[in-house]
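Only the shape, not the letters, is given here:
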């Protein structure tokens, strides 16, 4: 089995990814069994100023340090369960020491497999307004949409003021449900939960649209790679 590296950035999303990966291992291999997993990552606090400055090279350098730690620990490849972070990973630069399984490619693959046509992108403002998911969906001929500016602010603020801090409220869930309803009215046929904390707030049971759970999809795909059921990724950062 391949050794999975998890490069943590936002703690709740990384924790959910780790737990899902070992549960997927048990599903495939039986009780108490899963591929080897190593998780590392500096506190997201260290990166927030760079995000506000849009200093993508500085962010990429932070992720490079942690990728090197994972490589030194023996990981064969890594995942970064933070959608926004992939904006920095896609910046040109030195190749990462081990390949990365790209979260947006995993989500877009599932959207295409499920026959989706127009996907609502829900995440941080950087993810909603950034290039990662429009690129991944466009490579598969899929349409996409994002909420209006006021709703983007609501989604972003809840992520940073609540979800990333382990706070999950009914009021915030109701706001997300309202926004997803609006996206359905605008013609979307699925909601991509592409902040890795959102699946802790929004589930299929409450969502007005079918969801694409980026965190759990990534973890399951990583286990498939580790077990030889999915091709090893070859991407080591930079433009796709």
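Ah, there it is. Please read these numbers as outputs of a predicted model, since none were measured by experiment.

check contacts around residue 82.
If you count contacts by C-beta atoms under 8 Å, 6 or more residues apart in numbering, residue 82 has them with 8-10, 13-14, 103, 196. Every C-beta, even on glycine, is put in place using the N, C-alpha and C of the backbone.

Secondary structure class of the residue nearest in space to the middle of the chain, three-state.
Geometric centre of the chain, nearest residue: residue 83, 3.8 Å, by C-alpha atoms, centre = their mean. Three-state call for residue 83 (DSSP: H, G, I helix; E, B strand; the rest coil): coil.

Would you mark the buried spots in stretch 130-148?
Within stretch 130-148, the residues scored as buried using 16 or more other C-beta atoms under 10 Å are 130, 132-137, 142, 144, 146-147.

The contacts of residue 82 into a markdown table, with extra columns for pLDDT, secondary structure and distance to residue 205?
Converted to a markdown table, the contacts of residue 82 look like this (pLDDT from 0 to 100; DSSP: H, G, I helix; E, B strand; the rest coil; distance: C-beta to C-beta, whole Å):
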| residue | pLDDT | secondary structure | distance to residue 205 |
| --- | --- | --- | --- |
| 8 | 97 | coil | 28 |
| 9 | 96 | coil | 28 |
| 10 | 94 | coil | 24 |
| 13 | 97 | helix | 20 |
| 14 | 97 | helix | 24 |
| 103 | 98 | helix | 23 |
| 196 | 98 | coil | 19 |
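
And those residues, which two are furthest apart?
Greatest spacing in these, by C-beta to C-beta: 8 and 103 (13.3 Å).

Identify the contacts common to those two.
Residues within reach of residue 8 and of residue 103 at once, by C-beta under 8 Å, 6+ apart, are 81-82.

So for the two, which residue has more residues nearby?
Counted by other C-beta atoms under 10 Å, residue 8 and residue 103 do not tie: residue 103 has more neighbours, with 29 against 22.

how close does the more buried one get to residue 172?
Separation of residue 103 from residue 172 (C-beta to C-beta, to the nearest Å): 23 Å.

Between the buried residues of stretch 130-148, which sits nearest residue 41?
Residue 41 lies nearest to residue 132 out of the buried residues of stretch 130-148, by C-beta to C-beta, at 19.1 Å.

of the contacts of residue 82, closest to residue 164?
residue 10 (5.4 Å).

Isn't that closest one up against residue 164?
Yes: if you go by C-beta atoms under 8 Å, residue 10 and residue 164 touch, sitting 5.4 Å apart.

which residues are contacting stretch 109-125?
83-84, 127-128, 133-134, 137, 140-147, 152-153, 155-156, 159-160, 176, 179-180, 183-184, 187-195, 198, 209-210, 212, 217.

how about 6 Å then?
The contact list for stretch 109-125, computed with C-beta atoms under 6 Å, 6 or more residues apart in numbering, reads 83-84, 128, 133, 140, 142-146, 152, 155-156, 159, 183, 187-195, 212, 217.

How is this protein divided into domains?
Following automatic domain parsing, the chain resolves into domains at 4-102+217-226, 103-213.
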